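Visitor: I would like to see how this sequence folds:
(one chain, ligands or ions: 1)
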Amino acid sequence: MAIIFDADRKIFTIHTKHTTYQMMADAKGYLLHLYYGPRTKGNMDYLLCYADHGFSGSPYAAGMDRTYSLDALPQEYPSLGTGDYRNYALDIVNANGTECCDPIFDRYKITKGKYSLQGLPAVWAADDEAETLEIVLKDEVTQVEVHLLYGVLEEADIITRSVIIQNAGTETITVKKALSACLDFVHGDYDAISFYGRHAMERNPERVPVGHGTYRIGSRRGSSSHQYNPGVILAERTATEDAGNCYGMLFMYSGNFVCEAERDQFNQTRFQMGLSDELFAYPVKAGAEFTAPEVIMTYSDQGFSKLSRQYHNCILNHVCKGKYVHINRPILINSWEAAYFDFNGDTIVDLAKQAAELGIDMVVMDDGWFGKRNDDNSSLGDWFVNEEKLGGTLGQLIDRVNAQGVKFGIWIEPEMVSENSNLYRAHPDWALTIPGRAPIRSRNQLLLDFSRKEVREEILKRICAILDQGNIEYIKWDMNRSMSDVYAGNVAYDYVLGLYDFLGKLTSRYSDILIEGCSGGGGRFDAGMMYYTPQIWCSDNTDAINRTRIQYGTSFFYPTAVVGSHVSAVPNHQTGRITSLNTRGVVAMAGTFGYEMNPALLSSEEKEEIRTQLATYRRHQELIREGNYYRLSDPFQEEVAAWMSVAKDQSQALVSVVRLSAEGNPFGTYVKLKGLDAESFYLEESTGNRYCGMALMQAGILLPMATTEYEAYQFTLKKVQDA
Ligand code: GLA
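Guide: Numbers count the residues shown, from 1 in each chain. Okay, the predicted model is just below:
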């Protein structure tokens, strides 16, 4: 039993294998948060502190008791208008224009299995792996009900939270803010760690103290964004990679979000996450409901490393879906950096021939195959094959590729329309626009209004007509601009639900096709998308040195199995940097692996090296995908980037290291390993040396002396019986 209700004291206790979460509906019906942390026993209402604080009022139900204030007590779901002046999770505008909701405990339900959410992706689990707690709070004046949902995955140490606002009243209300999770801490010093970035430089970790006032990050771009990822860690000030208390919130949603952390007047900390309240005001009619997407929470008492592995496990086993999650993915070569828009059917067939010669599984025809698209200024929406460019039908091209023994994949960007397209000329009103205003252009394209069913249906019809033309085994789903021209308060949310509806239909109709998500690289790299697309192109930046940092930041929440990563040409197209083929291969192997270059331009030595690279990846891909992932260095601070994958049974490991800088008169560089069996010996394949697991973890390995800049190394370790 993961969820326990103490009926006398109205205390709810959630236990996972290593954590406990507790809350209490007090005598006045307010749901107070008591605890989240390492697994413990007993009731923790003794932590509540009552005192008469000036300018912190009391709800009427407290009578003349001036020591009871929601401005000071830890709350489970704080609501605006209840006398709590801190950041709130809920803001409802009632039919009469008043802005208040006073949710009081009404009832609860505990059920076997994990809840699902109408129209939204959510963590999934077998019935015997999860339990659900639903606590219903009710506003007596308006009859609005707030259903707090808790999904408990005991073994995985995961608690999910979501909220449904049910309008059981008689008039329409407007939801102005409905976050999904709130954690109140009555004491402690905390830092917030977020992952900021920009196009081609995503997910840089930034750690800042949570001080008085509000720390707030989020997205108002309509997608989860390159700029701030919807995963944030709240860490005790002393927490490090391997020690200390830290809490994660990961939003399973692909649109606008907000994460807030606040230290209040009494030095208590509130940490919350959910849908952004900006560009948002959602009308809910009498009898209808509004569902907030899910936040995935976990806690680690051993720093960020353990927190990350809990998220990796959750994403791989309870977020990603479909047949590709746990099998070897096709190793692909993509036409984008090989040819950009400058290709025809023969170029693609040539790539397939090269792929066959090297042992690459699949060719992906990227942007430029439809309408009149020879640059990025036209044709989005015109999902009709440019047969003139391809020199025949799509089916014929796919047959020519398949005839080489190579699979075929294709790029699409269904959410977009170019003004220079037949679709736009026929339906200019299908693009997101604010009536009476000219729209904001980005990459010279506009966003289709996916909140509208007829728009989605027409695009789905066109995309299906393409996919039905031949043996397509992979789709790269792109989204190359941010949302603007949000013409109403429901649009940004309904757009994302429309996107999920589309993806749901596509994945059920084509369950054998692997879909890789993309948004100018990693602009929509989130757990919501991962539910439909088990891999996402991590960044448009394919430079191996930049990638060590991007992939490091990405690894805090996301497993390598979802990270789209390719070897590209040098000088690198984004940075101009030259790195060796070996270094590029080592870095790309921390992901789904593939190539993004024209092999015809390579020497026969380089081709031979690629064959070896492919063999190395194939040998380790299961370990990389399914193993425990450890960060061994911080590439923003240290002279090397280092990481490793360890088999769940600790029988083998793959260590990868990249030198980030080269200095004169160098001294030895050491890297300490992690996650091995301390008592056992390991054989390192390339040298034949045997090391004790403890020695590798405590003293580390000595890297070969550097001979050139940006060198990379891989060490393969296998457990052996004795020294
Ligand atoms: C985005 C993607 C690239 C490529 C181009 C095509 O930028 O991230 O990989 O597909 O679009 O226009």
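
Visitor: Helix, strand or coil: sort out G57 for me.
Guide: Three-state call for G57 (DSSP: H, G, I helix; E, B strand; the rest coil): coil.

Visitor: so it touches T67, yeah?
Guide: No - with contact defined as C-beta atoms under 8 Å, G57 does not count as touching T67 (11.7 Å). Bear in mind the C-beta positions are built from the backbone N, C-alpha and C, glycine included.

Visitor: So for those two, which residue has more residues nearby?
Guide: G57 (17 against 13; other C-beta atoms under 10 Å).

Visitor: Give me the pLDDT value at the more buried one.
Guide: pLDDT for G57: 97.

Visitor: Ok, M1 next?
Guide: At M1, pLDDT is 76.

Visitor: now the helices for this protein?
Guide: Secondary structure of the chain (DSSP state H): helices at 303-314, 336-339, 345-358, 387-390, 394-403, 422-426, 453-467, 491-509, 527-530, 544-554, 581-588, 604-626, 693-698.

Visitor: Of those, which is nearest the ligand?
Guide: Across the helices of the chain, the ligand has its closest neighbour in helix 336-339 (4.5 Å, C-beta to the nearest ligand atom).

Visitor: Enumerate the positions of the closest one that are buried.
Guide: 336-339 (16 or more other C-beta atoms under 10 Å).

Visitor: could you pick out which of those are near the ligand?
Guide: Counting by C-beta under 6 Å from any ligand atom, W336 from the buried residues of helix 336-339 sit close to the ligand.

Visitor: I'd like the buried residues of helix 336-339 as TSV, with pLDDT appended.
Guide: Shown next, in TSV, are these (pLDDT from 0 to 100):
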residue	pLDDT
W336	98
E337	97
A338	97
A339	98
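
Visitor: just the buried residues of helix 336-339 now: which is nearest C692?
Guide: Of all the buried residues of helix 336-339, C692 sits closest to E337, with 43.7 Å by C-beta to C-beta.

Visitor: Quick check: chain neighbours aside, which residue is closest to that closest one?
Guide: Spatial nearest neighbour of E337, excluding adjacent residues (C-beta to C-beta, 6 or more residues apart in numbering): E596 at 4.2 Å.

Visitor: which residues sit in contact with that neighbour?
Guide: Shown in contact with E596 (C-beta atoms under 8 Å, 6 or more residues apart in numbering): 333-334, 336-338, 542, 566-569.

Visitor: again, only using 7 Å
Guide: Applying C-beta atoms under 7 Å, 6 or more residues apart in numbering to E596 gives the contacts 334, 336-338, 542, 566, 568.

Visitor: Need the max-distance pair from these.
Guide: A338 and T542 (11.7 Å).

Visitor: Tell me, please, where in the stretch 201-350 of the chain the pLDDT is lower than the cut-off.
Guide: Nowhere does the stretch 201-350 of the chain drop to pLDDT under 70.

Visitor: Enumerate the residues of it near the ligand.
Guide: Near the ligand, when you scan the stretch 201-350 of the chain using C-beta under 6 Å from any ligand atom, you find W336.

Visitor: So which residues of the stretch 201-350 of the chain form strands?
Guide: 201-209, 213-219, 231-236, 246-252, 257-263, 269-275, 282-284, 289-300, 332-334 (DSSP state E, counting those that start in this stretch).

Visitor: From the rest of the structure, what touches the second one?
Guide: Translated: strand 213-219. So strand 213-219 is contacted by 87, 192, 194, 208, 225, 227-228, 256-262, 276 (C-beta under 7 Å, 6+ apart).

Visitor: of all of the stretch 101-250 of the chain, which residue lies closest to the ligand?
Guide: Counting by C-beta to the nearest ligand atom, the stretch 101-250 of the chain gets nearest the ligand through H199, at 8.2 Å.

Visitor: Please report the distance of that residue from Y30.
Guide: Distance from H199 to Y30, counting by C-beta to C-beta, to the nearest Å: 45 Å.

Visitor: Between these two, which is the more surrounded one?
Guide: More neighbours surround Y30 than the other of H199 and Y30, with 25 against 18 (other C-beta under 10 Å).

Visitor: what pLDDT does that one get?
Guide: On the pLDDT scale, Y30 gets 98.

Visitor: Name the residues of this protein found near the ligand, please.
Guide: So the chain meets the ligand at 336, 366-367, 376, 411, 478, 480, 518, 520-521, 537, 540 (C-beta under 6 Å from any ligand atom).

Visitor: For those, work out which two are farthest apart.
Guide: Counting by C-beta to C-beta, the most remote pair of the residues of the chain next to the ligand is D376 and W537, 16.6 Å apart.

Visitor: Between the two, point out the one with more neighbours.
Guide: W537 (30 against 16).

Visitor: pretty sure that one is touching C518, no?
Guide: Yes - applying C-beta atoms under 7 Å as the test, W537 and C518 come out as touching, 4.0 Å apart.

Visitor: Quick check: closest non-adjacent residue to the spatially most central residue of the chain.
Guide: Using C-alpha atoms, centre = their mean, the residue of the chain that lies closest to the mean C-alpha position is D526, 2.4 Å off. Distances taken as C-beta to C-beta, 6+ apart place S224 nearest to D526, at 4.1 Å, with adjacent residues excluded.

Visitor: The one you found: neighbour count?
Guide: 28.

Visitor: Repeat that for T548.
Guide: Per other C-beta under 10 Å, the neighbour tally for T548 reads 26.

Visitor: and it, what is it in contact with?
Guide: Contacts of T548 (C-beta under 7 Å, 6+ apart): 587, 635, 641, 658, 660.

Visitor: Look at the residue in the chain that the ligand sits nearest to and say how many residues are nearby.
Guide: The ligand sits closest to D367 of the chain, with a gap of 3.5 Å, by C-beta to the nearest ligand atom. D367 has 20 neighbouring residues, counting by other C-beta under 10 Å.

Visitor: ditto for K112
Guide: 10.

Visitor: Could you do V208 as well?
Guide: 12.

Visitor: now the one 3 residues further on
Guide: Neighbour count of G211, defined by other C-beta under 10 Å: 12.

Visitor: State the distance from it to D71.
Guide: In terms of C-beta to C-beta, G211 sits 19 Å off from D71.

Visitor: V258 now?
Guide: 21 Å.

Visitor: dump the residue contacts of R443.
Guide: 376, 480-481.

Visitor: Put together JSON lines for those residues, with pLDDT and distance to L676 on each row.
Guide: Shown next, in JSON lines, are those (pLDDT from 0 to 100; distance: C-beta to C-beta, whole Å):
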{"residue": "D376", "pLDDT": "98", "distance to L676": "48"}
{"residue": "N480", "pLDDT": "98", "distance to L676": "43"}
{"residue": "R481", "pLDDT": "98", "distance to L676": "45"}
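
Visitor: Nearest to T583, out of the residues you listed: which one, please.
Guide: N480 (28.7 Å).

Visitor: Tell me, how many residues neighbour G591?
Guide: 25.

Visitor: just the one 4 residues further on next, same as before
Guide: Using other C-beta under 10 Å, Y595 is surrounded by 28 other residues.

Visitor: Specify the beta-bridge partners of it.
Guide: Following DSSP bridges, Y595 is listed with bridge partners I333, V567.
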